[in-house]
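Student: got a sequence here, can you build the structure:
(chains A and B)
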2 protein chains.
Amino acid sequence: MDIAIVTLDCFNELDSMIAAGILGRMSPEGWNVRICSPAPVIQSRSGTRVERQEDLSYANRADAVLIGSGWRTRDWVADDAIMSQLRLDPSRQLIGSQCSGALVLHQLGLLPDGVACTDGMTRPMLEQLGIRVPSAAFRVVDNVATAGGCLSSQYLAAWVLLRLAGEAKTREILFYIAPVGEEDAFVQRALSIVATASEPALR
Amino acid sequence: MDIAIVTLDCFNELDSMIAAGILGRMSPEGWNVRICSPAPVIQSRSGTRVERQEDLSYANRADAVLIGSGWRTRDWVADDAIMSQLRLDPSRQLIGSQCSGALVLHQLGLLPDGVACTDGMTRPMLEQLGIRVPSAAFRVVDNVATAGGCLSSQYLAAWVLLRLAGEAKTREILFYIAPVGEEDAFVQRALSIVATASEPALR
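Tutor: Below is the predicted model of the structure:
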């Protein structure tokens, strides 16, 4: 499996790196999890510089694409030079967004029912675009998922695992990454949220 | 405040980047959160390459030092050229370890009571060194904390926030990073675990 973690400049470490770290646990099984970016080096909102592993074209042919968040996503969404590189296809790819990554999905026309989960900062921006935002961490419509709140990146990763690696492997990986002593509760919570994610309550 | 996130080659993204991402939210308040490493570029266990922001000497003068985990920590602990660069002092610094980072604390003589939290992979290595490992995610003795299970890095970060930024700011940041809809439960769980961390049950 090829997994693209789309990461744009001024990215939020939690969003891209939790997903990359969790899904990277499938590397021994042959998964390729790659930080994809339009620039060779990207900088986090706190100043950490990370080398991209692939350019954005990797996302177009990946089995799953997760769009990370950051504090300048709105600028990048307005940048045709970046956005024109993304040609995602939910009929053959799993596509997910984390927090402000939902702005990218909206720009690409990937929120056809006009609903997306996101964080509190991005919420007014999406609402201004006519997107409704449920008070929920995670939502799935067919092959497209949206997540809100940095740490919901763990649910986004769990969803990809569940869809592409199966429940047993998902449980194994979630169990391992949980805080010691919280393993069963964490696995249960993550699986339950992913399972019910197609019907979050709308405010 | 100067915060050192000590990150060694083959590092676990979850461990270093969750702490860096959470504590980096204090940057607008003047905190300097820095990825510190012996090498100019370090690679994660999944192959992500990150530029260090400071060398290890930064850790020696930082207000708080968090030692990340990775799959080659045991090798680095045996490497005098690396370990001799670390001269940490719990009388004037907060010092924390994530998972296999506890091996570093042991090597530096920073586990005087012979107990540390860690993950399931590191546990036998620590036990072989005579360290007892409680079935708990987080433990604090004076200014030294140990955490076990990748996602317990959120508790390590919460502990640093609580000690150096106060409870109101800690609540604000934890609330923001929580999955949407889980904010209150997450803040409560993190604060409760940090508050009770000095007395985890020993097996």
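Student: only C-alpha atoms for contact and neighbour calcs from this point on.
Tutor: Fine.
Student: phi, psi for the nearest residue to A:Gly149 once chain neighbours are set aside please.
Tutor: Nearest residue to A:Gly149, sequence neighbours excluded (CA to CA, 6 or more residues apart in numbering or on different chains): B:Pro179, at 4.2 Å. Backbone torsions of B:Pro179, given as degrees, to the nearest 10, read phi -60, psi 140.
Student: you'd agree B:Pro179 is up against A:Gly148?
Tutor: Yes - counting by CA atoms under 8 Å, B:Pro179 touches A:Gly148, with 6.1 Å between them.
Student: quick check on these two: which one has the bigger neighbour count.
Tutor: When B:Pro179 and A:Gly148 are compared for neighbours, A:Gly148 comes out ahead with 36 against 26, by other CA atoms under 10 Å in any protein chain shown.
Student: now do the same for A:Leu202: its pLDDT.
Tutor: pLDDT for A:Leu202: 48.
Student: for the residue nearest to A:Gly149, what are its contacts?
Tutor: If a contact means CA atoms under 8 Å, 6 or more residues apart in numbering or on different chains, then B:Pro179 has A:136-137, A:148-152 as its contacts.
Student: any chance of a markdown table for those, columns secondary structure?
Tutor: As requested, the contacts of B:Pro179 are arranged in a markdown table below (DSSP: H, G, I helix; E, B strand; the rest coil):
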| residue | secondary structure |
| --- | --- |
| A:Ala136 | coil |
| A:Ala137 | coil |
| A:Gly148 | coil |
| A:Gly149 | coil |
| A:Cys150 | helix |
| A:Leu151 | helix |
| A:Ser152 | helix |
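Student: B:Leu103: which of those residues is nearest?
Tutor: Closest approach to B:Leu103 among the contacts of B:Pro179 (CA to CA): A:Leu151, at 27.2 Å.
Student: quick check: the closest one vs A:Leu8, distance?
Tutor: A:Leu151 sits 18 Å away from A:Leu8, taking CA to CA, to the nearest Å as the criterion.
Student: now do A:Leu103
Tutor: Taking CA to CA, one finds A:Leu103 at 13 Å from A:Leu8.
Student: so what sits against both of those two?
Tutor: With CA under 8 Å, 6+ apart, A:Leu103 and A:Leu8 have common neighbours A:Thr73.
Student: what's the offset of stretch A:163-180 from the middle of its chain?
Tutor: 17 Å (CA atoms, centre = their mean, to the nearest Å).
Student: beta-bridge partners for A:Asn32, please?
Tutor: A:Asp2 (DSSP bridges).
Student: tally of neighbours for it?
Tutor: Look at A:Asn32: counted by other CA under 10 Å, it has 18 neighbours.
Student: next one: the one 5 residues further on
Tutor: A:Ser37 has 24 neighbouring residues, counting by other CA under 10 Å.
Student: try the one 3 residues further on
Tutor: Taking other CA under 10 Å as the criterion, the count of residues near A:Pro40 is 12.
Student: any regions of chain A where pLDDT drops low?
Tutor: A:199-203 (pLDDT under 70).
Student: for it, which segments count as strands?
Tutor: Under the criterion DSSP state E, strands of chain A are mapped to A:2-6, A:32-36, A:41-43, A:49-51, A:64-67, A:94-98, A:138-141, A:144-147.
Student: could you dump those strands to JSON lines with distance to B:Met26?
Tutor: Converted to JSON lines, these look like this (distance: least, CA to CA, whole Å):
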{"stretch": "strand A:2-6", "distance to B:Met26": "25"}
{"stretch": "strand A:32-36", "distance to B:Met26": "25"}
{"stretch": "strand A:41-43", "distance to B:Met26": "17"}
{"stretch": "strand A:49-51", "distance to B:Met26": "18"}
{"stretch": "strand A:64-67", "distance to B:Met26": "24"}
{"stretch": "strand A:94-98", "distance to B:Met26": "21"}
{"stretch": "strand A:138-141", "distance to B:Met26": "26"}
{"stretch": "strand A:144-147", "distance to B:Met26": "24"}
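Student: B:Leu111 is nearest to which of the ones you listed?
Tutor: Using CA to CA, the nearest of these to B:Leu111 is strand A:49-51, at 32.5 Å.
Student: list the strands paired with that closest one, with their directions.
Tutor: strand A:41-43 (antiparallel), strand B:49-51 (antiparallel).
Student: near chain B, which residues of chain A show up?
Tutor: A:12-14, A:17-18, A:20-22, A:24-25, A:27, A:33-35, A:45-46, A:48-53, A:118-120, A:135-137, A:148-152, A:176-182 (CA under 8 Å from any CA of the partner chain).
Student: tell me the buried residues within these.
Tutor: The neighbour-count test (16 or more other CA atoms under 10 Å in any protein chain shown) marks A:12-14, A:17-18, A:20-22, A:24-25, A:33-35, A:45-46, A:48-53, A:118-120, A:135-137, A:148-152, A:176-182 as buried among the residues of chain A next to chain B.
Student: OK, contacts around A:Val6?
Tutor: A:Val6 makes contact with A:16, A:35-37, A:56, A:59, A:65-68 under the criterion CA under 8 Å, 6+ apart.
Student: on that earlier part again, can you list residues touching both of B:Pro179 and A:Gly148?
Tutor: A:136-137.
Student: got the contact list for A:Ser69?
Tutor: A:Ser69 touches A:7-8, A:11-12, A:15-16, A:97-101, counting by CA under 8 Å, 6+ apart.
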